[in-house]
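J.: Just to be clear, the model below is a prediction. Sequence and coordinates:
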Amino acid sequence: MLELSDALAAYVREVGIVEPRPLAALREETERMENAHWASSAEQAALLGFLARLIGARRTLDIGTFTGYSALAVAYALPPEDGEVRAFDDSPAFAEIARRHWNAAGMSERIHLHVGPASDGVDVLIAEGRAGDFDMAFIDADKPAYDGYYEQTLQLVRPGGLIALDNVLWRGTVADPASTGENTVALRALTRKIQDDARVDACLLPIRDGLLLVRRR
Ligand SMILES: C[S@@+](CC[C@H](N)C(=O)[O-])C[C@H]1O[C@@H](n2cnc3c(N)ncnc32)[C@H](O)[C@@H]1O
């Protein structure tokens, strides 16, 4: 696979994607943080925004929000009049950073963040009767809980809607039978389950740490 050198990444960012200035400001602040690698890359976030536009998304879920980069990238792709991102993260510190940047981008009306365990927050939406009400979900929180998030989002996303799961290659460990770490085992099992799941179509993109795209039938 082609290695994305710094020069090549800079080229892609210059001519291959559009990153609004407030989104770039959020990325730049995040890059100075200890957990900077948690954030989606600019290219991956641009892909999510592109896919949101492609399917005409109006309402989306962002499970594992960190400093808010993926949520903001998708928010830009939603219609200004009624676009809605429901975001979930259990860190109040990350929430503060995310909200500051969403506000600066003029997107705070469009993105609603639940601070607490994501599964509880998503359950609230299900209890509120919002099954089938969402067009897209991005799953990027704790890996052993992905299967639960997948089942929850499958309820919330409409037929024809999209679920994207990040990090499904887990730095390549999933292809090594000797790797039996908790995250590796969970991601390997879920990827196989999804490929055999008659409720969906799925396609694994080997970009960055692996992005599994799932379409609800
Ligand atoms: C990889 S980061 C998300 C990156 C983000 N999607 C982006 O593109 O910038 C994972 C996030 O999930 C959050 N998280 C982990 N376990 C969680 C849980 N059980 N409930 C809610 N958030 C959780 C962490 O606080 C962290 O911010």
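T.: Nice, I can see it.
J.: Quick check: which ranges of this structure have low pLDDT?
T.: Scanning the chain for pLDDT under 70 picks out the ranges 1-2.
J.: which residues of it fall in helices?
T.: 6-15, 21-31, 42-54, 69-76, 92-104, 118-127, 146-156, 182-195 (DSSP state H).
J.: Please identify the deepest-packed of those.
T.: helix 69-76 (a mean of 27; mean count of other CB atoms under 10 Å). Where you see a C-beta, it was placed from the backbone N, CA and C, and this is true even at glycine.
J.: Show me what that one is packed up against.
T.: If you count contacts as 3 or more CB pairs under 8 Å, 6 or more residues apart in numbering; DSSP states H and E, helix 69-76 packs onto helix 21-31, helix 42-54, strand 59-63, strand 84-89, helix 92-104, strand 111-115, strand 134-139.
J.: now the helices of the chain in a markdown table, with distance to I139?
T.: Output for the helices of the chain, formatted as a markdown table (distance: least, CB to CB, whole Å):
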| stretch | distance to I139 |
| --- | --- |
| helix 6-15 | 24 |
| helix 21-31 | 19 |
| helix 42-54 | 12 |
| helix 69-76 | 10 |
| helix 92-104 | 17 |
| helix 118-127 | 9 |
| helix 146-156 | 5 |
| helix 182-195 | 10 |
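J.: Turn those into CSV, columns for distance to the ligand.
T.: As requested, the helices of the chain are exported to CSV (distance: least, CB to the nearest ligand atom, whole Å):
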stretch, distance to the ligand
helix 6-15, 16
helix 21-31, 7
helix 42-54, 6
helix 69-76, 3
helix 92-104, 5
helix 118-127, 4
helix 146-156, 9
helix 182-195, 12
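J.: follow-up on the earlier one: format the helices and strands packed on helix 69-76 as JSON lines; extra columns: distance to P206.
T.: JSON lines is the format used below for the helices and strands packed on helix 69-76 (distance: least, CB to CB, whole Å):
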{"stretch": "helix 21-31", "distance to P206": "23"}
{"stretch": "helix 42-54", "distance to P206": "12"}
{"stretch": "strand 59-63", "distance to P206": "22"}
{"stretch": "strand 84-89", "distance to P206": "26"}
{"stretch": "helix 92-104", "distance to P206": "28"}
{"stretch": "strand 111-115", "distance to P206": "29"}
{"stretch": "strand 134-139", "distance to P206": "18"}
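J.: Spatially central, which residue of the protein would that be?
T.: For the chain, the residue nearest the mean C-alpha position is F138 (3.1 Å; CA atoms, centre = their mean).
J.: coming back round to it: so which of the helices of the chain comes closest to L169?
T.: Closest to L169 of the helices of the chain, according to CB to CB: helix 182-195, at 7.8 Å.
J.: Just the residues contacting the closest one, thanks.
T.: If you take CB atoms under 8 Å, 6 or more residues apart in numbering as the criterion, helix 182-195 is touched by 143-144, 146-147, 150, 165, 167-170, 173-174, 200, 202, 204, 212, 214.
J.: Whether the top strand by length along the chain contacts the ligand - can you check?
T.: Looking across the chain with DSSP state E, the single longest strand is strand 157-166. No: remark: strand 157-166 sits outside contact range of the ligand, by CB under 6 Å from any ligand atom, the gap being at least 6.9 Å.
J.: which outside residues touch that strand?
T.: Residues contacting strand 157-166 (CB under 8 Å, 6+ apart): 40, 44, 48, 51, 55, 57, 61, 132-140, 146, 150, 153-154, 190, 194, 200, 209-217.
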